[in-house]
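Enquirer: Just need the structure, nothing else, for what follows:
(2 chains)
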Amino acid sequence: MESLKMEHTPGAASISLKLKDIERQQEKLLNKKDKYQSKFESRENKVKIYTNERDKIADKFIGRYDEKLKPMEEKLERLQTCKNEMDAAIAGTKAKHNRLGEHLATLEEKKRKLEEAYRKAGMSERKIKKDEAVKTFEEIIAGGRDGMRKEMEALEWQKTKINEKIAKGDRKANPYRDKREKFVRVKEGRPIEMGVETRTRGETFKGEEEMKTHTRRERPESQTEESEEAGNETEQAKEGEETFEAKYLLDEWNAYLTPKAVGYIKDVKDFMQTTRLYIFSEVKSAEFKNILEKYYKARKVLMNKYALEANVDAFFKKIKNKK
Amino acid sequence: MDTNQNTANESDALLDEAKEVVKEIDETNKESRAHMDAIEKEVDESINAIDRTCTELDQIEKETGDELDTLMSAEEKDLAEEDSVDE
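Expert: This is a model prediction of the structure:
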């Protein structure tokens, strides 16, 4: 510009005025930019402050919620154990009923032989039927069978009732797990970064405090649901099959497994109490398999059903050979 | 006579044995019923505890929801005020 003036170029003065005008407009625009930038920054920081406040509230909620959820999860876990313990107890009771039923059948066989003896002694069919001892015996046997049938029905009914209660409790608790996640998600809505360029002019804008967003808490690991195996009961105990005392079986099973193996039963008393077996209860291989399966489930011993079956089969082969 | 006596004795023994078996059935049933009742009692107690916790969780959720609503209203008001000042 100066050289144009020195060379007396025509219009230099007017160009100079235009340039000054452009400079004034540029300054005006820069001032306007600063104003908007300040506005953006102020708004951005306010939003960040509110976001931090919101995060604090959500964190407080999650903390208080977790504090209550943890014992609730433990209760739900306990309910599942109750369900499995109930199955183990029913399996043990069934085995005991099977033996008692077999005992009644043996007695009936003896009764038939006795009736035969009456016949041989010349007693008429009518007299045998009217014999007090025979009548009482028949009543006792029928009563015993009826008692077992009714008891098994009552147990199954009670099992259904308990299972319904457990399912209801679980259904009630489930939405609360989701609600916790809802508040975890509340924190996911972060303020939009405006991406406003930082000022390049003037020292006054240096050292501006950059608001830091709170880091989100990690999501809890997804819970692995206990895989409910298709409820196919293990094979029925075969009639006439050899029986073994529960305590003997357990000792032999432990010896077969060795102490470090999965499935080794350290607490024999707990096994007996949970399965409702007595140490002298007579058990068949299929029943033992079924009882073991239920007991392991109740005590959260992870053993594949098929591996357990194969193991129990091999085990019984071994102890039968031993005898 | 001897045969009859033997048969009678056998019959008595059979009756006694049958009574023993039925007694054992009764005991087994009584015991398993008591065990199931104990399990049901524990289930009921756990369910009651879960119910109580659900009520407490509802309260926590309500308090937090109210707190969040208040905060959001304050934020809206604050930002709206800022906008009006600028205008």
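Enquirer: Now do the helices in the stretch 51-200 of chain A.
Expert: A:125-130, A:132-186 (DSSP state H, counting those that start in this stretch).
Enquirer: mean confidence for the first one?
Expert: When you say that, I think you mean helix A:125-130. Mean per-residue pLDDT for helix A:125-130: 87.
Enquirer: pLDDT below threshold where in the chain?
Expert: Picked chain A for this. Across chain A, the ranges flagged by pLDDT under 70 are A:1, A:191-240, A:323.
Enquirer: should've been chain B
Expert: Residues of chain B meeting the criterion pLDDT under 70: B:1-4, B:85-87.
Enquirer: tell me, what residue is most central in it?
Expert: Among the residues of chain B, the one closest to the centroid is B:V43, at 2.0 Å (CA atoms, centre = their mean).
Enquirer: any idea how far it is from chain A?
Expert: Using CB to the nearest CB, to the nearest Å, one obtains 5 Å as the distance from B:V43 to chain A. Placement of C-beta: from N, CA and C, glycine included.
Enquirer: Just the element for that residue, please.
Expert: For B:V43, the enclosing helix or strand under DSSP states H and E is helix B:2-86.
Enquirer: Can you report how many residues neighbour the nearest residue to A:Y50 once chain neighbours are set aside?
Expert: Excluding its sequence neighbours, the residue lying closest to A:Y50 (CB to CB, 6 or more residues apart in numbering or on different chains) is B:E75, at 4.3 Å. Neighbours of B:E75 under the rule other CB atoms under 10 Å in any protein chain shown: 17.
Enquirer: mind listing what B:E75 touches?
Expert: Residues in contact with B:E75 (CB atoms under 8 Å, 6 or more residues apart in numbering or on different chains) are A:K46, A:V47, A:Y50.
Enquirer: which residues does A:K266 contact?
Expert: A:P259.
Enquirer: whoops, A:L249 was the one
Expert: If you count contacts by CB under 8 Å, 6+ apart, A:L249 has them with A:V283, A:F288, A:I319.
Enquirer: and if you look at A:A58?
Expert: By CB under 8 Å, 6+ apart, the residues touching A:A58 are A:F183, A:V184, A:V186, A:K187, B:T64, B:L68.
Enquirer: sorry, back to before: check whether the residue nearest to the centre of chain B really touches A:I166, as I assumed.
Expert: Yes. With contacts counted by CB atoms under 8 Å, B:V43 reaches A:I166, the gap being 6.3 Å.
Enquirer: list residues touching both of those two?
Expert: Counting by CB under 8 Å, 6+ apart, the common neighbours of B:V43 and A:I166 are A:L79, A:C82.
Enquirer: Out of the contacts of B:E75, the closest to B:V22 would be?
Expert: Ranked by distance to B:V22 (CB to CB), the contacts of B:E75 are led by A:Y50 at 76.8 Å.
Enquirer: Count residues in the vicinity of the closest one, would you?
Expert: For A:Y50, the neighbour count with other CB under 10 Å is 18.
Enquirer: helix, strand or coil for it?
Expert: helix (DSSP: H, G, I helix; E, B strand; the rest coil).
Enquirer: That one against B:L71, yeah?
Expert: Yes. Shown here, A:Y50 and B:L71 form a contact pair, counting by CB under 8 Å, at 6.6 Å.
Enquirer: Give me the angle between the one helix or strand A:L17 maps to and helix A:132-186.
Expert: Remark: A:L17 resides in helix A:12-120, with elements defined by DSSP H and E. Angle, helix A:12-120 to helix A:132-186, by axes from the mean of the first three to the mean of the last three CA atoms, to 10 degrees: 180 degrees.
Enquirer: Measure how helix A:12-120 sits relative to helix B:2-86, angle-wise.
Expert: Angle between the axes of helix A:12-120 and helix B:2-86 is 170 degrees (criterion: the same axes, to 10 degrees).
Enquirer: Out of the helices of the stretch 51-200 of chain A, which is the most enclosed?
Expert: helix A:132-186 (a mean of 15; mean count of other CB atoms under 10 Å in any protein chain shown).
Enquirer: OK, contacts around whichever residue of the stretch 201-323 of chain A sits closest to chain B?
Expert: For the stretch 201-323 of chain A, the residue closest to chain B is A:R276, as judged by CB to the nearest CB, at 5.6 Å. A:R276 makes contact with A:A89, A:G92, A:T93, A:K96, B:E31, B:S32, B:H35 under the criterion CB under 8 Å, 6+ apart.
Enquirer: For the fourth one, the count of nearby residues, please.
Expert: Translated: A:K96. A:K96 has 26 neighbours, counted by other CB under 10 Å.
Enquirer: ok, how many other residues are close to the residue nearest to it when sequence neighbours are not counted?
Expert: Distance criterion CB to CB, 6+ apart; nearest residue to A:K96, sequence neighbours excluded, is B:T28 at 5.1 Å. By other CB under 10 Å, 22 other residues sit near B:T28.
Enquirer: gap between B:T28 and A:E23?
Expert: Here B:T28 is placed at a distance of 106 Å from A:E23 (CB to CB, to the nearest Å).
Enquirer: quick one: secondary structure of A:M303?
Expert: Secondary structure for A:M303, judged by three-state DSSP, is coil.
Enquirer: isn't it right up against A:Y295?
Expert: No. The criterion here is CB under 8 Å, and A:M303 misses it with A:Y295 at 10.4 Å.
Enquirer: Which one's more surrounded, these two?
Expert: Set A:M303 next to A:Y295 and count neighbours by other CB under 10 Å: A:Y295 wins out with 24 against 15.
Enquirer: Phi, psi for that one please.
Expert: With angles defined as degrees, to the nearest 10, A:Y295 sits at phi -70, psi -40.
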